[in-house]
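Trainee: generate a structure from the sequence data that follows.
(one chain, ligands or ions: 1)
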Amino acid sequence: MTATIGGARTMAGAARHDAGAASDLVLRVTGLTKRYGARTVVDGLDLEVRRGEVFGFLGPNGAGKTTAMAMILGLVAPHAGQIEILGHDALADREAALRRVGAIVETPTYYPYLSGLDNLRVLALARGGAPQGRLDEVLRLVGLKGRERDRFGSYSLGMKQRLGIAGALLHEPELLILDEPSNGLDPAGMVEIRELILRLAHDGRTIVLCSHLLAEVQQVCDRVLILAGGRAIVQSEVATLLSQGAQTVLRVDDPTRAAGILRGVAWIEEVAREGDALLLTMPPDRQFALGQVLSEHGLIVGEMRREERDLESYFLSITGDAPAPL
Ligand code: ATP
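Mentor: Reported below is the predicted structural model:
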């Protein structure tokens, strides 16, 4: 069971397990490398995705995300490295490794003149059939029950994406890889996809989400990897990244005097002024101590709150790159 606290999904699901336990690793990539001509576009990538987590795979345009995912899904051959999926060596035995993996890599292509249900039937047949009731089950899961007899061509983009996810879920994958599932969707469509991802995660599925939409990633992912120039520059829990950049916003009756006093307090790393507010970089558990210092100096507090930074500003601070526009 996972929870949403302060905008970031906590590690409640994944933390139940020992982070290092090999059996809990659904995906392990080591030293993955791909070159196109003289250019190394994925350069010694290491990553680990643990059972039950939603893992965000992020990076600026051209960082190598699609290439890395294509190698994981056996669509592109790496020059070096290892890929282990659910305990199988994906390079030696691709079929076994991908048996319990579902993926949507682009907007799924379905027959526009067939209904959503018939499209799923075709897909199930192509994959050797689906158990009785499975089509109904996945349609319900993605919120398309009741609309399954409408023509695919009449679906909204959000419905098309959800039918794509239904198709990826047909064979009950343990690992689901979603590449930009919210791309191009309106706000309502984004909310539907976000809720669907959270529902799937809640049911215990492991999800890798590639996305440029950092506000979405922040709300659904437990951990993220940020790729830049083919290398992983960060791999961390979202909650940790957000709290690292958190600041305490303080408004007092005399900010100039307060700033002078607070600059002399050992556990306050930085005191910055923004208008009539002070922005303090300090440990989160020192709020009461701060109140005490201020009251000892007779300063009157109008406001004191902790403000986390969002994933987008973190992303910009380390990649120096704006997330790609839609
Ligand atoms: P975006 O977010 O823009 O989709 P990305 O992080 O998915 O980017 P990739 O598509 O993996 O990045 O591309 C990484 C780099 O590799 C890019 O510079 C791209 O031009 C290059 N590249 C990708 N595929 C090929 C190919 N088949 N031949 C040559 N270069 C390629």
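
Trainee: C-alpha only now, for contacts and for neighbours.
Mentor: Fine.

Trainee: max-length helix in this structure?
Mentor: Assignment by DSSP state H gives helix 187-202 as the longest helix of the chain.

Trainee: following that helix, which helix or strand comes up?
Mentor: Downstream of helix 187-202, the first helix or strand assigned by DSSP states H and E is strand 206-210.

Trainee: could you check the angle the longest helix of the chain makes with strand 206-210?
Mentor: Relative orientation of helix 187-202 versus strand 206-210 (axes from the mean of the first three to the mean of the last three CA atoms, to 10 degrees): 150 degrees.

Trainee: up against the ligand, what does this structure have?
Mentor: Counting by CA under 6 Å from any ligand atom, the positions of the chain adjacent to the ligand are 36, 41, 59, 60, 61, 62, 63, 64, 65, 66, 67.

Trainee: now with 8 Å?
Mentor: Contact residues (CA under 8 Å from any ligand atom) of the chain with the ligand: 36-37, 39-42, 58-68, 212, 227-230, 324.

Trainee: ok, of those, which come out buried?
Mentor: For those, a burial check counting by 16 or more other CA atoms under 10 Å picks out 40-42, 58-61, 63-68, 212, 227-230.

Trainee: on that earlier part again, show me what counts as buried in the longest helix of the chain.
Mentor: Using 16+ other CA under 10 Å as the test for burial, helix 187-202 gives 189, 190, 192, 193, 194, 196, 197, 198, 200, 201, 202.

Trainee: stretch 295-308 too?
Mentor: Going by 16+ other CA under 10 Å, stretch 295-308 has these buried residues: 299, 304, 306, 308.

Trainee: okay if I get those residues as a markdown table plus distance to residue 181?
Mentor: Listed next are these as a markdown table, based on distance: CA to CA, whole Å:
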| residue | distance to residue 181 |
| --- | --- |
| 299 | 50 |
| 304 | 38 |
| 306 | 32 |
| 308 | 26 |
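
Trainee: tell me the one among these nearest to the ligand.
Mentor: Closest approach between the buried residues of stretch 295-308 and the ligand, by CA to the nearest ligand atom: residue 308, at 26.2 Å.

Trainee: all helices of the stretch 51-200 of the chain, in order?
Mentor: With helices called from DSSP state H, counting those that start in this stretch, the stretch 51-200 of the chain shows them at 65-72, 94-98, 116-126, 134-141, 157-169, 187-202.

Trainee: show me the one of these that comes nearest residue 51.
Mentor: Nearest to residue 51, of all these, is helix 187-202, at 10.0 Å by CA to CA.

Trainee: need the buried residues of helix 187-202 in JSON lines with pLDDT, can you?
Mentor: Compiled in JSON lines, the buried residues of helix 187-202 are given as follows (pLDDT from 0 to 100):
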{"residue": "189", "pLDDT": "88"}
{"residue": "190", "pLDDT": "90"}
{"residue": "192", "pLDDT": "90"}
{"residue": "193", "pLDDT": "90"}
{"residue": "194", "pLDDT": "92"}
{"residue": "196", "pLDDT": "92"}
{"residue": "197", "pLDDT": "94"}
{"residue": "198", "pLDDT": "93"}
{"residue": "200", "pLDDT": "92"}
{"residue": "201", "pLDDT": "92"}
{"residue": "202", "pLDDT": "91"}
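
Trainee: nearest to the ligand, of the residues you listed?
Mentor: Nearest to the ligand among the buried residues of helix 187-202 is residue 190, at 18.6 Å by CA to the nearest ligand atom.

Trainee: let me see the contact set for that closest one.
Mentor: By CA atoms under 8 Å, 6 or more residues apart in numbering, the contact set of residue 190 is 158, 182.

Trainee: how about the nearest residue to residue 62, chain neighbours excluded?
Mentor: Leaving aside its sequence neighbours, residue 62 sits nearest to residue 229 (CA to CA, 6 or more residues apart in numbering; 7.5 Å).

Trainee: give me the most central residue, this protein.
Mentor: Nearest to the geometric centre of the chain sits residue 56, at 2.7 Å (CA atoms, centre = their mean).

Trainee: quick one, what contacts that residue?
Mentor: With contact taken as CA under 8 Å, 6+ apart, residue 56 is in contact with 208, 209, 210, 211, 217, 221, 222, 223, 224, 225.

Trainee: redo that, cut-off 6 Å
Mentor: By CA atoms under 6 Å, 6 or more residues apart in numbering, residue 56 lies in contact with 208, 209, 210, 221, 224.

Trainee: over to residue 152?
Mentor: 112, 115, 116.

Trainee: tell me the pLDDT of it.
Mentor: pLDDT, residue 152: 94.

Trainee: likewise the one 10 residues further on?
Mentor: For residue 162, the pLDDT comes out at 92.

Trainee: quick one: which of the contacts of residue 152 has the most company?
Mentor: residue 116 (29 neighbours; other CA atoms under 10 Å).

Trainee: that one is in contact with residue 145, isn't it?
Mentor: No. Counting by CA atoms under 6 Å, residue 116 does not reach residue 145; the two are 9.9 Å apart.

Trainee: now, the buried residues of stretch 295-308 that are in strands?
Mentor: 304, 306 (DSSP state E).

Trainee: just put the buried residues of stretch 295-308 in JSON lines and tack on pLDDT.
Mentor: Putting the buried residues of stretch 295-308 into JSON lines (pLDDT from 0 to 100) gives the following:
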{"residue": "299", "pLDDT": "96"}
{"residue": "304", "pLDDT": "95"}
{"residue": "306", "pLDDT": "89"}
{"residue": "308", "pLDDT": "81"}
